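Colleague: Okay, predicted coordinates and the sequence, questions at the end:
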Amino acid sequence: AHSTPLPIDIVCSCLASASGIESEVYAIDYQATLNLLNAGREPSVSARHFVLLSAFCCRNPLLKLQQAKLKFEDRLHEQNDMTYSIVRPTA
């Protein structure tokens, strides 16, 4: 029997670079997170809400990790397909 896929309400990203190496930070904290956002925006998915686990330290972006997270947050703010929440826990 063929079943219809259930709708996806929320996409939640907890992606984060483990090393802090600049190329890894960009690839994960920006690009992989952007890929996840775009996957949720696909017409076949049409997620309604995106939750981003960011970091409290992004308030003062001195490190590449923080800058990559903020760059993604800018992209998140620019889209209007989904509502979103940004969670910034402390370490």
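Modeller: Cool, got the structure.

Colleague: neighbours of residue 73, just the number please.
Modeller: Here the number of neighbours of residue 73 (other C-beta atoms under 10 Å) works out to 18. C-beta here means a position set from N, CA and C on the backbone, and glycine is covered the same way.

Colleague: In contact with the residue most central in space within the chain, which residues?
Modeller: Nearest to the mean C-alpha position of the chain, by C-alpha atoms, centre = their mean, lies residue 33 at 4.0 Å. Residue 33 makes contacts with 13, 15, 52, 72, as judged by C-beta atoms under 8 Å, 6 or more residues apart in numbering.

Colleague: Surely the third one forms part of a strand?
Modeller: Looking back up the chat, that one is residue 52. Yes - judged by DSSP: H, G, I helix; E, B strand; the rest coil, residue 52 forms part of a strand.

Colleague: Who does it form a beta bridge with?
Modeller: Beta-bridge partners of residue 52, counted by DSSP bridges, are residue 13, residue 86.

Colleague: looking at it, it is touching residue 83, isn't it?
Modeller: No - using C-beta atoms under 8 Å, residue 52 is not in contact with residue 83, being 11.9 Å away.

Colleague: on that earlier part again, just the CA atoms from the host helix or strand of the residue nearest to the centre of the chain would do, formatted as PDB, please.
Modeller: Element membership for residue 33 (DSSP states H and E) is helix 33-41. Extracted in PDB, the C-alpha atoms of helix 33-41 (Å, rounded to 0.1, in the frame of the first residue of the first chain):
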ATOM      1  CA  THR A  33      22.400  25.100   7.600                       C
ATOM      2  CA  LEU A  34      21.300  27.100   4.400                       C
ATOM      3  CA  ASN A  35      20.900  23.800   2.600                       C
ATOM      4  CA  LEU A  36      18.600  22.600   5.400                       C
ATOM      5  CA  LEU A  37      16.600  25.800   5.200                       C
ATOM      6  CA  ASN A  38      16.300  25.500   1.400                       C
ATOM      7  CA  ALA A  39      15.200  21.800   1.700                       C
ATOM      8  CA  GLY A  40      12.400  22.900   4.100                       C
ATOM      9  CA  ARG A  41      11.300  25.500   1.600                       C
END
